[in-house]
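In: Here is a sequence with its predicted model. Questions after.
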Amino acid sequence: MADVYKFRVILKEVQEKIWRDIEITSVSSVAKLGYTVLAAFEGKASHLFNIRFGGNRYEIVFDDDFFDEPVIDPIKTKLSALKLSVGDVLEMEYDYGAGWEFTIELVSVETMKRGARTHYPYITDGAGRGIIEDTSPYELADMIEETDKTGKLPMIYNYELDKEIEWDYRNFILKYVNVLLKGEIYKIQCAYECY
């Protein structure tokens with residue numbers, strides 16, 4: 001039987017403003033946890049990411065000469081293999097140039113109900129939109145502070161629409177995020193694994 005891990009995922013720099021509670025099965029890979037975090041925070045898989053836990057670095061390697069330290073393949077590593085306990089914290093970094101960082105704390109472990117496997121991953125709660133690709137956490141923190149102070153929304157460039165749009169970090173709709181979640185995870189997985 002698989003377990004369901006519930007993680008509290010917090011975007012550093014703006015931890016009280018942007019966070020998610022994510023449920024995922026213990027038989028999911030470490031990579032799938034990473035894909036789920038990216039999908040939950042509106043990441044587009046445009047950059048590399050790694051997850052660190054227990055002195056190990058889990059990262060999809062495209063070029064062996066890139067790293068000074070050993071890495072473990074997160075695609076081949078199940079979350080259950082990490083032997084996590086409630087309270088354990090994983091660290092995730094995305095886009096090394098920008099430095100997006102997430103803390104991923106295991107807050108509960110439950111036995112998965114029979115027949116519920118396709119329900120996961122799933123977001124149970126959260127706040128704030130997510131990251132803005134090709135910016136930094138510091139720029140995002142400044143945008144949030146300015147919105148909170150003045151009520152004025154920043155303009156960001158939307159590549160899909162090919163124009164600038166107003167961006168409101170407070171616009172988080174749990175139901176909407178979950179409707180799109182599995183499709184976004186699949187797109188992100190393909191971006192990293194279909195090479």
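Out: Thanks, I have the structure now.

In: From here on, just use CA atoms for contacts and neighbour counts.
Out: Will do.

In: Residue 105 touches residue 84, doesn't it?
Out: No. At 9.9 Å, residue 105 does not count as touching residue 84 under the criterion of C-alpha atoms under 8 Å.

In: Those two: which is more packed in?
Out: Between residue 105 and residue 84, counting by other C-alpha atoms under 10 Å, residue 105 is the more crowded of the two (21 against 18).

In: Whatever helix or strand the more buried one lives in: what's the following helix or strand?
Out: If you go by DSSP states H and E, residue 105 is part of strand 100-111. For strand 100-111, the following helix or strand on the C-terminal side (DSSP H and E) is strand 122-127.

In: which helix in the protein runs the most residues?
Out: Counting by DSSP state H, the longest helix found in the chain is helix 174-193.

In: For that helix, list the C-alpha coordinates in PDB.
Out: The C-alpha trace of helix 174-193 is given here as PDB (Å, rounded to 0.1, in the frame of the first residue of the first chain):
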ATOM      1  CA  LEU A 174      -7.700  26.600  -5.600                       C
ATOM      2  CA  LYS A 175     -10.400  24.900  -7.800                       C
ATOM      3  CA  TYR A 176      -8.900  26.400 -10.900                       C
ATOM      4  CA  VAL A 177      -5.400  25.400 -10.000                       C
ATOM      5  CA  ASN A 178      -6.500  21.800  -9.400                       C
ATOM      6  CA  VAL A 179      -8.400  21.600 -12.700                       C
ATOM      7  CA  LEU A 180      -5.200  22.400 -14.600                       C
ATOM      8  CA  LEU A 181      -2.700  20.700 -12.300                       C
ATOM      9  CA  LYS A 182      -2.300  17.200 -13.800                       C
ATOM     10  CA  GLY A 183      -2.100  18.600 -17.400                       C
ATOM     11  CA  GLU A 184       0.600  21.100 -16.300                       C
ATOM     12  CA  ILE A 185       2.500  18.400 -14.500                       C
ATOM     13  CA  TYR A 186       2.400  16.300 -17.700                       C
ATOM     14  CA  LYS A 187       3.700  19.200 -19.800                       C
ATOM     15  CA  ILE A 188       6.500  19.900 -17.300                       C
ATOM     16  CA  GLN A 189       7.400  16.200 -17.200                       C
ATOM     17  CA  CYS A 190       7.700  16.100 -20.900                       C
ATOM     18  CA  ALA A 191       9.900  19.100 -20.900                       C
ATOM     19  CA  TYR A 192      12.400  17.400 -18.700                       C
ATOM     20  CA  GLU A 193      12.100  13.700 -19.700                       C
END
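
In: what's in contact with that helix?
Out: Under the contact criterion C-alpha atoms under 8 Å, 6 or more residues apart in numbering, helix 174-193 has outside partners 32, 35-36, 38-40, 44-45, 60, 121-126.

In: can you pick the most crowded of those?
Out: residue 40 (28 neighbours).

In: Residue most distant from the centroid, the protein?
Out: The outermost residue of the chain, judged against the average C-alpha position, is residue 150 (28.9 Å), by C-alpha atoms, centre = their mean.
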